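Chemist: Generate coordinates for the sequence data below:
(one chain, ligands or ions: 2)
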Amino acid sequence: MDDASALYIGLISGTSADSIDAALIGFSRGVPQLQASHAHPWPEDLRSRMLALAQGEGALDLDAFGRLDVQIGHCFADAATQLLERSGTPAAAVRAIGSHGQTLRHRPTGEYPFTLQLGDPSVIAERCGIDVVADFRRADVAAGGQGAPLLPALHAMLLARPGHARVVLNLGGIANITALGADGSVFGFDTGPANGLLDAWCLRQRGEPFDRAGAYAASGRVDAGLLDALLADPYFALPPPKSTGREYFHLDWLAARAPRATLDPADVQATLLELTARSIASAIARHAPQAQEVLACGGGVHNNALMHRLGELLAPRVLLGTSRYGIDPDFLEATAFAWLARQRLLGLPGNLPTVTGARGPRVLGAIYSAPAARPA
Ligand SMILES: Nc1ncnc2c1ncn2[C@@H]1O[C@H](COP(=O)(O)OP(=O)(O)O)[C@@H](O)[C@H]1O
Ligand SMILES: [Mg+2]
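Modeler: Numbering: from 1, shown residues only. Ligands and ions are numbered 1, 2, ... in the order given. This next block holds a predicted model:
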């Protein structure tokens with residue numbers, strides 16, 4: 001089963017839904033290595049529809065739901081196909097694809113907790129001719145866990161150093177931290193928004209999907225009243241394990257807490273950036289006080305204004321991008337889903353109960369087989 005030369009593909013579109021990230025991964029002694037990558041664009045109409053649905057706007061009847069699942073599946077298959085073509089990799093060299101899908105809802109608490117990712121894995125298996133592992137989060141939720149974050153196990157494998165306390169910070173639509181203790185302990189949770197609110201406000205005010213380098217935020221001034229109102233949200237003080245998403249942190253959440261409707265839009269952007277930086281820095285100060293280094297990954301590393309402010313708030317800790325340690329910050333999450341697919345095929349757990357709060361380690365995901373090769 002575990003052919004050391006086998007390649008895996010990881011596919012994910014995160015809460016930002018900025019692109020489908022595809023990573024071609026080889027393994028050396030069980031440690032994943034990025035061989036090739038591709039960021040596959042979403043069709044613009046589909047992206048805006050998914051973003052609206054993910055934040056609770058608009059209804060979806062069962063027929064539309066079924067079609068959307070298949071449509072997203074085709075986009076994921078396109079991403080994998082492009083990755084194979086661009087890297088000159090035959091499908092037969094790939095043991096399996098780990099596909100996260102697109103989260104449309106994440107409600108890990110309540111009487112019937114659930115998390116919902118779309119992107120029909122059977123479509124991907126059929127189109128690519130490769131086994132697909134998908135549905136990675138629900139076993140953890142069924143075991144009483146948050147189903148998220150799932151990155152910390154890989155962060156530990158790639159970035160833990162005995163004797164060093166570190167934090168890995170993923171700046172996606174949502175921010176999550178992994179606290180790697182000097183004693184080998186691993187702990188982590190979602191701190192709150194990273195880019196999601198910044199993207200949404202920038203799109204509404206400027207018609208641009210994200211605030212390049214954080215220049216728009218840097219043109220405004222932080223509004224102390226708004227910042228206090230946002231930071232007063234109980235999510236930030238909630239003890240871990242905890243996870244969140246776009247169904248919670250969205251523009252209506254912002255509107256409900258904005259004290260005045262007359263704020264300069266650039267000041268709102270500046271305040272949202274400050275909210276991201278402060279909520280992350282205080283989560284690290286509270287839950288990983290020993291950390292000397294914070295290693296950032298995810299698209300937020302390209303937001304210079306955010307990185308600068310985080311660097312100030314985290315000092316004297318050092319803030320670095322994971323690229324400093326040879327890890328591409330834009331494809332670490334896709335790498336994780338290739339690793340999780342391999343864990344599934346090996347029958348090994350993928351979650352960390354210390355992170356998700358699940359009752360125990362669980363083998364994550366289900367296998368969707370590729371069509372059998374036709375006899376010659
Ligand atoms: N050059 C840039 N300047 C500012 N922000 C950027 C830049 N490049 C990417 N980003 C941010 O990163 C986000 C994507 O990050 P990503 O890690 O893919 O998040 P997710 O996992 O939620 O999809 C974009 O939506 C954008 O906010
Ligand atoms: Mg993304």
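Chemist: Could you check the helix or strand Gly26 falls within and say which residues are buried?
Modeler: Assigned by DSSP states H and E, Gly26 belongs to strand 20-28. Neighbour-count burial for strand 20-28, with 16 or more other CB atoms under 10 Å as criterion, is recorded at 20-27. Bear in mind the C-beta positions are built from the backbone N, C-alpha and C, glycine included.
Chemist: Could you do stretch 252-261 as well?
Modeler: Burial within stretch 252-261, assessed by neighbour count using 16+ other CB under 10 Å, is assigned to 253-254, 258.
Chemist: likewise stretch 265-283?
Modeler: Buried residues in stretch 265-283, counted by 16+ other CB under 10 Å: 266-281, 283.
Chemist: Now the phi/psi pair for the nearest residue to Arg95 once chain neighbours are set aside, please.
Modeler: In space, Arg95 comes closest to Ala6 once its chain neighbours are excluded; the distance is 3.7 Å by CB to CB, 6 or more residues apart in numbering. Comment: the main-chain dihedrals of Ala6 come out as phi -70, psi 140, following degrees, to the nearest 10.
Chemist: try Asp190
Modeler: Per-residue torsions, Asp190: phi -80, psi 130 (degrees, to the nearest 10).
Chemist: Return the distance of it relative to ligand 2.
Modeler: If you measure Asp190 against ligand 2 using CB to the ion, to the nearest Å, the figure is 15 Å.
Chemist: Please apply the same query to Asp330.
Modeler: 8 Å.
Chemist: ok, now how distant is that residue from ligand 1?
Modeler: From Asp330 over to ligand 1 the distance is 7 Å, taken as CB to the nearest ligand atom, to the nearest Å.
Chemist: can you tell me the helix or strand for Ala334?
Modeler: Secondary-structure assignment from DSSP H and E places Ala334 in helix 332-346.
Chemist: pLDDT of that helix, averaged?
Modeler: When pLDDT is averaged over helix 332-346, the result is 98.
Chemist: cool, stretch 309-319 as well?
Modeler: The average pLDDT for stretch 309-319 rounds to 98.
Chemist: sorry, back to before: would you mind listing the buried residues in the helix holding Ala334?
Modeler: By neighbour count on 16+ other CB under 10 Å, the buried set for helix 332-346 is 332-345.
Chemist: Which strands and helices lie in contact with that helix?
Modeler: For helix 332-346, the helices and strands in contact under the criterion 3 or more CB pairs under 8 Å, 6 or more residues apart in numbering; DSSP states H and E are strand 7-13, strand 20-28, strand 31-40, strand 94-107, strand 132-134, helix 152-159.
Chemist: hmm, 7 Å instead?
Modeler: The helices and strands touching helix 332-346, judged by 3 or more CB pairs under 7 Å, 6 or more residues apart in numbering; DSSP states H and E, are strand 7-13, strand 20-28, strand 31-40, strand 94-107, helix 152-159.
Chemist: Just name the most buried of these.
Modeler: strand 7-13 (a mean of 29; mean count of other CB atoms under 10 Å).
Chemist: Off-centre distance for that one?
Modeler: Taking CA atoms, centre = their mean, to the nearest Å, one finds the center of strand 7-13 at 13 Å from the center of the full chain.
Chemist: Establish whether stretch 139-159 and ligand 2 are in contact.
Modeler: No: with CB under 5 Å from the ion as the measure, stretch 139-159 is seen stopping short of ligand 2, the closest distance being 13.0 Å.
Chemist: Sorry, wrong one. I was asking about stretch 198-206.
Modeler: No: counting by CB under 5 Å from the ion, ligand 2 is not contacted by stretch 198-206; separation bottoms out at 10.4 Å.
Chemist: Now that stretch - C-alpha only, CSV.
Modeler: Taking C-alpha atoms only, stretch 198-206 is exported to CSV below (Å, rounded to 0.1, in the frame of the first residue of the first chain):
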residue,chain,number,x,y,z
LEU,A,198,-10.6,42.5,5.0
ASP,A,199,-11.4,40.9,1.7
ALA,A,200,-15.2,41.4,2.1
TRP,A,201,-14.9,45.1,3.0
CYS,A,202,-12.4,45.8,0.3
LEU,A,203,-14.7,44.1,-2.3
ARG,A,204,-17.7,46.1,-1.1
GLN,A,205,-15.9,49.5,-1.0
ARG,A,206,-13.5,49.1,-3.9
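Chemist: List the buried residues of that stretch.
Modeler: With burial defined by 16+ other CB under 10 Å, the residues of stretch 198-206 counted as buried are 198-203.
Chemist: ok, of those residues, which one's closest to ligand 1?
Modeler: Here the nearest of the buried residues of stretch 198-206 to ligand 1, counting by CB to the nearest ligand atom, is Asp199; it sits at 4.7 Å.
Chemist: quick one, what contacts the closest one?
Modeler: With contacts taken as CB atoms under 7 Å, 6 or more residues apart in numbering, Asp199 has the following neighbours: 16, 209-210.
Chemist: Tell me which helix or strand it sits in.
Modeler: In this structure, Asp199 is located in helix 196-206 according to DSSP H and E.
Chemist: Now find how far off-centre whichever helix or strand comes after that helix is within its chain.
Modeler: Note on helix 196-206: by DSSP H and E, the next helix or strand toward the C-terminus is helix 215-218. Mean-position distance between helix 215-218 and its chain equals 24 Å (CA atoms, centre = their mean).
Chemist: can you check stretch 350-369 too?
Modeler: Shown here is stretch 350-369, whose average C-alpha point lies 16 Å from the average C-alpha point of the whole chain (CA atoms, centre = their mean).
Chemist: Columns distance to Lys242 and mean pLDDT on top of the helices and strands packed on helix 332-346, output as TSV?
Modeler: TSV is the format used below for the helices and strands packed on helix 332-346 (distance: least, CB to CB, whole Å; pLDDT from 0 to 100):
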stretch	distance to Lys242	mean pLDDT
strand 7-13	21	98
strand 20-28	24	98
strand 31-40	27	98
strand 94-107	11	98
helix 152-159	14	97
